[in-house]
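> everything below, folded, please.
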Amino acid sequence: MSKKMAIIATKGTLDMAYPPFILASTAAALGYEVQVFFTFYGLQLLRKDLSSVMISPLANPAMPMPIPMPVMVQMLPGMESMATMMMKQKLKKHGVASLQELRDLCLEAEVKFIACQMTVDLFEFDKSEFIEQCEYGGAAMFLGFAGDTDICLFI
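Sure thing, here's the model as predicted:
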């Protein structure tokens, strides 16, 4: 009997997109059966195009910046784009896979992606915006799997 891992992904920013994909792909490579439930802002990670996933320096006090930045500076127009560009450069410089590459690894490893149907309905998303490899279901569907896992994470 294989081990199981369940992950609930609730955030759609660049910094919060990496943990569910890294953990899911690693667990799958170790032989775990893995499901990721994407809900609320986490649904952004199931969009066909991941290029719009950004990181915000605002309200992110642990974010290492080259120079200390007061909150007022973090609020200025363009700071989110600049922080995203800087983070993507840092990831590339250190050989960290892109979000697209990590998501593809998960799919190749048969990680099951579940899009929260309630959230899709709530925000009136069009399912054509999301990758074809995801399934749609509710909390009860996911909990049927999560209740029988060795590891369950909320990210």
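> roughly how far apart are residue 118 and residue 140?
11 Å (Cβ to Cβ, to the nearest Å). For glycine as for every other residue, the C-beta is placed from the backbone atoms N, C-alpha and C.
> let me fix that, I meant to ask about residue 112.
For residue 112, the distance to residue 140 (Cβ to Cβ) stands at 16 Å.
> ok, those two, which is more surrounded?
Between residue 112 and residue 140, counting by other Cβ atoms under 10 Å, residue 112 is the more crowded of the two (19 against 7).
> for the more buried one, which non-adjacent residue is closest in space?
Excluding its sequence neighbours, the residue lying closest to residue 112 (Cβ to Cβ, 6 or more residues apart in numbering) is residue 35, at 4.4 Å.
> how about residue 42?
residue 9 (3.7 Å).
> report the central residue of the chain.
Taking Cα atoms, centre = their mean, the centroid of the chain lies closest to residue 17, which sits 3.0 Å from it.
> contact partners for that one?
11, 44, 45, 50, 53, 99 (Cβ atoms under 8 Å, 6 or more residues apart in numbering).
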